[in-house]
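Engineer: Attaching a predicted model along with its sequence, questions to come.
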Amino acid sequence: MNSLKTVEDLRRYIREIKDFPKKGINFKDITTLLADAKAFSFAIDMLANRYVKEGIDYVVSVEARGFIIGSVLAYRLGAGIILVRKQGKLPAKCNYKSYDLEYGSATLEIHKDALKEKDRVIIADDVLATGGTALATIDLITGFGAIVVETAFLAELTFLKGREKLKPYAVFSLLSY
């Protein structure tokens, strides 16, 4: 495809799949963006440029696609990466946060020794939808006394109003749908 000049150029790399995972939902598939080296690099550059002077200690990412975004972003920022996983997946002692989903509930965990008070972190994930996962992650991070500088996403589904759920925390999304 043509060269990328603006963030809006990234739209053409995100595929929409109608009626997935169920009828009436138009799923925003970022795997097509991740598969294109230039588009993926451009997206990460746009995120990293936002935080390069913010003194970020850690990028916190939620499984699974968040790990992809977060690890590359952490590398670019010279920061560590902290993994937030589904319950039962981390080997050491953990802090937990349960939360409601639109179709049930889930529990996330983070190692008890993952962060310290006043660590500066950003949360990186692929898509902001209803905000439940991001809010649970914020609760885990602030439980350490760490500072959430911002939450960062490749895309945001604005009609689901996830941004509202995250107030007063700052939200940044490259693309909005």
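Structural biologist: Received the coordinates, thanks.
Engineer: From here on, just use CA atoms for contacts and neighbour counts.
Structural biologist: Fine.
Engineer: Tell me if Arg163 really is in a helix.
Structural biologist: Yes. With DSSP: H, G, I helix; E, B strand; the rest coil as the criterion, Arg163 is part of a helix.
Engineer: wait, doesn't it sit right on Gly131?
Structural biologist: Yes. Contact criterion C-alpha atoms under 8 Å: Arg163 and Gly131 qualify, at 6.6 Å.
Engineer: Quick check: end-to-end length of stretch 46-56?
Structural biologist: Using C-alpha to C-alpha, to the nearest Å, the end-to-end distance of stretch 46-56 comes to 16 Å.
Engineer: Same check on stretch 19-33?
Structural biologist: Stretch 19-33: ends 20 Å apart by C-alpha to C-alpha.
Engineer: Which residues in it does the neighbour count mark as buried?
Structural biologist: For stretch 19-33, the neighbour count (16 or more other C-alpha atoms under 10 Å) marks 28-30, 33 as buried.
Engineer: which residues sit against it?
Structural biologist: By C-alpha atoms under 8 Å, 6 or more residues apart in numbering, the surrounding residues in contact with stretch 19-33 are 10, 13-18, 39-40, 126.
Engineer: Pull out the buried members of these.
Structural biologist: Buried among these (16+ other C-alpha under 10 Å): 10, 13-14, 39-40, 126.
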